[in-house]
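K.L.:
Fold the following for me, if possible:
(2 chains)
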Amino acid sequence: MRRLGLVLLLLGAALVFVGAPGGPARAVLPDEILDDSVLEGRARELSKVVRCVVCQNESIDSSNAELARELRLIVRERLVAGDSDQQVLDFLVARYGDFVLLRPPFRPATYFLWFGPLVFLGVGVAGLALVLRRRRLQPAAEAPPLNAEERGRLARLVEEEGQESRAGNRLPEGGGS
Amino acid sequence: MTKRLLFLLPALIFVFVAGYFIWGLVSERDPRAVPSALVDKPVPQFDMPPLEGTGLPGLATADVTDGTVTLVNVFASWCIPCRAEHPQMLELGEMSSIRLVGINFRDKPEDALAWLEELGNPYQRIGVDARGRTAIEWGSSGVPETFFIDKTGKVRYQHIGPILRRDLEETVLPLIEELN
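P.N.:
Next up, the predicted model:
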């Protein structure tokens, strides 16, 4: 009985999640949509990579801000006027800079951004390889044999350990004798 | 010796990364500020109708690129920070070395008119940008914003947010002096 309740609860939560508003595409209003479905498709794809500059990390496709709406209309107007996708993006970049693009452009100033993670991964892998190779080349160097004094100390330690354990006076760790 | 330095490396990396984070937390950098793309570029093309009732002409590209240092202030009656910067606008409107013009952004004309009547009108020209299209041409992302145009008709600075007393003294007045 309790299990059934849990299942129902989870199902309800899943339904709420799936049906929740605010997913992409909700922001586009009916009056914005172009009659030409090919152009509309291009407009939608472009809108997904253009940042709504007042809402920061949202695309104009998913933002309800008025500026985002106006930018969506501009994208469509320019497509209707015959612009290529790149020309539309260039138009926006000329006004708002690279910031308006959600996907940073690939150019010398952004090489570090694009290659940085690869460089760090490479450094990590190289370091690991170096450590592993060194470990294989010099398998734990043989410890030099004990000299007379060390052998004597070892013998004493073993003897003391034996006496302590017989007296039931073992260390908490158990000593492992 | 080199081995000892190698052991210090993680600590050095930590100090570097932590320093970067601390800078991000305490520096005055505003992460919401949109970088200006129009700086050092010519004024964009636009033509806006006047705000009826003010008796002032509208605003077009040619009106701000005729060799006078011009401040273009984007404002709206519904914009609270605009109210905070208005005393500074009145002061700038008094200056003879510059021309101050306004873009009335996404506003109801009657509200804009009432706002100017209540607080005073510092602008020599006002263009009505009912849908915000001209603001987009300027690469503006909200109100208030102020663009500084030099004698050659180029945008030299975009001030995002209200011009408060401190901004006026530290940024705006020195810049006006430089542009003249």
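K.L.:
Tell me the helix or strand right after the longest helix anywhere in chain A.
P.N.:
When chain A is parsed with DSSP state H, its longest helix is helix A:111-137. Sequence order places helix A:148-166 as the next helix or strand after helix A:111-137, per DSSP states H and E.
K.L.:
Test my guess that B:Val43 contacts B:Gly153.
P.N.:
Yes - between B:Val43 and B:Gly153 there is a contact under C-beta atoms under 8 Å: 5.7 Å. Every residue, glycine included, has its C-beta placed from N, CA and C.
K.L.:
shared neighbours of these two, anything?
P.N.:
B:64-65 (C-beta atoms under 8 Å, 6 or more residues apart in numbering or on different chains).
K.L.:
Give me the phi and psi angles of the residue of chain B at minimum distance from chain A.
P.N.:
Proximity to chain A, evaluated over chain B using C-beta to the nearest C-beta, is greatest for B:Ala37 at 3.5 Å. Main-chain torsions, B:Ala37, degrees, to the nearest 10: phi -90, psi -20.
K.L.:
Kindly report the same for the one 10 residues further on.
P.N.:
Recorded main-chain torsions at B:Asp47 are phi -150, psi 110, according to degrees, to the nearest 10.
K.L.:
Tally up the residues packed near it, please.
P.N.:
12 (other C-beta atoms under 10 Å in any protein chain shown).
K.L.:
Compute the distance between the one residue sitting closest to the centre of chain A and A:Val125, please.
P.N.:
Most central in chain A under C-alpha atoms, centre = their mean is A:Pro117, positioned 10.9 Å from the mean C-alpha point. For A:Pro117, the distance to A:Val125 equals 12 Å [C-beta to C-beta, to the nearest Å].
K.L.:
A:Glu159 now?
P.N.:
From A:Glu159 to A:Val125 the distance is 51 Å (C-beta to C-beta).
K.L.:
Kindly state the pLDDT recorded for residue 79?
P.N.:
Here I'm looking at chain A. Predicted confidence (pLDDT) for A:Leu79: 94.
K.L.:
nope, chain B please
P.N.:
At B:Cys79, pLDDT is 93.
K.L.:
do the same with A:Met1
P.N.:
A:Met1 is assigned a pLDDT of 51 by the prediction.
K.L.:
ok, now A:Val50?
P.N.:
At A:Val50, pLDDT is 93.
K.L.:
Please list all residues in contact with the closest residue to it other than its chain neighbours.
P.N.:
Once flanking residues are discounted, A:Val50 sits nearest to A:Ile60: 4.9 Å by C-beta to C-beta, 6 or more residues apart in numbering or on different chains. Under the criterion of C-beta under 8 Å, 6+ apart, the contact list for A:Ile60 reads A:27, A:47, A:50-52, A:68-69, A:71-72, A:75.
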